[in-house]
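A.B. asks: sequence and computational prediction follow.
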Amino acid sequence: MVSTFEERPRSNSSSSGKVVDAESWVDVCRADRVPQARGVCALVEGRQIALFRVGAELFAISNYDPFSRAFVLSRGIVGSKGDVIKVASPVYKQTFDLRTGQCLENADVRVPVYESRIESGVVQIKAPATSRPANAIVKASPGPLSAWTIAIGETRERERLCEMLRAKGATVVSCPVVAAADAPDSAPVEQWLRGLAAGELDLCVFYTGEGTRRLLATAQRMGIAADVHRALAAVQTVARGPKSARALRDVGLLPSLALETPTTEGIIDLLRTRDLAGAKVGVQLYPRASSKRLLQFLRGAGAEPRPVFPYVYADGSEEPVVRDLVARMVSGHVDVMVFTSRAQVDRLFEVAARLGLEAALTAGLRRTRIATIGPVVAAAVRARNLRVGIVPAELFFMKSLVNEIVSAAQRAASSSS
């Protein structure tokens, strides 16, 4: 049986698309933005699609590589095998037929392909029939959350979180607020990786799964993945949370130092027990990360911190989607707002401020239960003088978060009966 691997929506592009006719053809970009024999990535109806032009033909396939579990196919190398035009993943080098999505090395694996065309110099994609608009309302099935409407800001694992909540009966309003893209200047990232591969680092701290995976993918593109893997196996490593730990496990590595609390303070408490004098410490950070405390601590302990920012944040939703979300909360039509990253909190307020809706957003959140996946996100919400009513006490995973939301719903139902 052939498995078609559908991607989890996440963006490496700021293009959002515009539906242009009743057949759901979506404007993506000017045709000259897609170079010959090279790929670009576009976000269409919440899905990352890799676009390629080879001669007079235009191809559109999922950007998701099921082998590396990364959104990288748009950065692959285009070639041919007989009559088959193919793209090779930049990570583990599997190749995919651009016409069918079939993996040429594994007959059981295929990625989605999409109808595409060029009209009046504009690339258009026929929107997948199963895709949902960014602010889709997913109706509930019976369950403990059947009385609640829950808004989510998640982008990368939007479908997964949506399905978990739906399985408990919730009606879900999806508003992906942020998406990640590679750092526009790759030179500092590549320099950091070369230093790691050369054995210059004694300790590495990884803050996010997104950043960890992008560093590993960049090492693969640079041709130094094996050296980076050997270096990470030899040095001490710290993963701030479960996502970065999972990204390391996916390539056969385990964090060598365990955190009790997945926060910057937790990292500092852990490292405070170690002799860091003269140590060179690599620190994978994320956009807008408040890194000053950790870097100051490392310098004060005699270490040399080497920070790296492998990605940036791009818009994951159009302004009308954010406007719609604010209106729903202000009118009392959202029972819970779920944040799974600090960036979602910051980005939602940025867009609301640009629309002149910051006061309305604050008012809406004050009348809405707020759920966060862990203490870092909760702190970002509380910094805006808002109350977090739902947060797991431990095990900061989506499953734990959903279970906490279910418990809150059950408590609310009991108190009202």
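C.D. replies: Nice, I can see it.

A.B. asks: tell me the secondary structure for G302?
C.D. replies: Of the three states, G302 takes coil under DSSP: H, G, I helix; E, B strand; the rest coil.

A.B. asks: remind me, longest helix of the protein?
C.D. replies: helix 398-416 (DSSP state H).

A.B. asks: which helices and strands does that helix pack with?
C.D. replies: Using 3 or more Cβ pairs under 8 Å, 6 or more residues apart in numbering; DSSP states H and E as the contact test, the elements touching helix 398-416 are helix 158-167, strand 336-339, strand 369-372. Where C-beta positions appear, they are placed from N, C-alpha and C, glycine not excepted.

A.B. asks: so what touches that helix?
C.D. replies: 144-145, 147-148, 150, 157, 160-161, 164-165, 168, 170, 336, 338, 340, 369, 371-373, 389-392, 394 (Cβ atoms under 8 Å, 6 or more residues apart in numbering).

A.B. asks: which one of the helices and strands packed on helix 398-416 has the most crowded surroundings?
C.D. replies: The highest mean neighbour count among the helices and strands packed on helix 398-416, using mean count of other Cβ atoms under 10 Å, belongs to strand 336-339: a mean of 26.

A.B. asks: next SSE downstream of it?
C.D. replies: helix 342-354 (DSSP states H and E).

A.B. asks: against which helices or strands is that following helix packed?
C.D. replies: Here helix 342-354 touches strand 178-182, strand 311-315, helix 319-330, helix 358-366, helix 375-382, going by 3+ Cβ pairs under 8 Å, 6+ apart.

A.B. asks: for the ones you listed, give me a markdown table that also has mean neighbour count.
C.D. replies: What follows is the helices and strands packed on helix 342-354, written out as a markdown table (neighbours: other Cβ atoms under 10 Å):
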| stretch | mean neighbour count |
| --- | --- |
| strand 178-182 | 23 |
| strand 311-315 | 20 |
| helix 319-330 | 19 |
| helix 358-366 | 17 |
| helix 375-382 | 20 |
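
A.B. asks: and K280, which of these is closest to it?
C.D. replies: strand 311-315 (22.6 Å; Cβ to Cβ).

A.B. asks: so for the closest one, mean pLDDT?
C.D. replies: When pLDDT is averaged over strand 311-315, the result is 75.

A.B. asks: stretch 343-361 too?
C.D. replies: pLDDT averaged over stretch 343-361 gives 88.

A.B. asks: how far is that stretch from where the chain is centred?
C.D. replies: 20 Å (Cα atoms, centre = their mean, to the nearest Å).

A.B. asks: how many residues are close by the nearest residue to I268 once chain neighbours are set aside?
C.D. replies: Nearest residue to I268, sequence neighbours excluded (Cβ to Cβ, 6 or more residues apart in numbering): F297, at 5.0 Å. For F297, the count of nearby residues is 18 (other Cβ atoms under 10 Å).

A.B. asks: OK, contacts around F297?
C.D. replies: I268, L271, R272.

A.B. asks: picking that back up, with distance to S415 added, can I get the helices and strands packed on helix 342-354 in JSON lines?
C.D. replies: Shown next, in JSON lines, are the helices and strands packed on helix 342-354 (distance: least, Cβ to Cβ, whole Å):
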{"stretch": "strand 178-182", "distance to S415": "34"}
{"stretch": "strand 311-315", "distance to S415": "39"}
{"stretch": "helix 319-330", "distance to S415": "22"}
{"stretch": "helix 358-366", "distance to S415": "20"}
{"stretch": "helix 375-382", "distance to S415": "23"}
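
A.B. asks: out of these, flag the one nearest Y64.
C.D. replies: strand 178-182 (13.8 Å).

A.B. asks: and I224, how many neighbours?
C.D. replies: Other residues lying near I224 total 18 when counted by other Cβ under 10 Å.

A.B. asks: what residues are up against it?
C.D. replies: L193, R194, A197.

A.B. asks: inside strands: which ones of these?
C.D. replies: Of the contacts of I224, none are assigned to strands by DSSP state E.

A.B. asks: how many residues are close by the spatially closest residue to F206 that is not a sequence neighbour?
C.D. replies: Distances taken as Cβ to Cβ, 6+ apart place S244 nearest to F206, at 4.1 Å, with adjacent residues excluded. Counted with other Cβ under 10 Å, the neighbours of S244 add up to 24.
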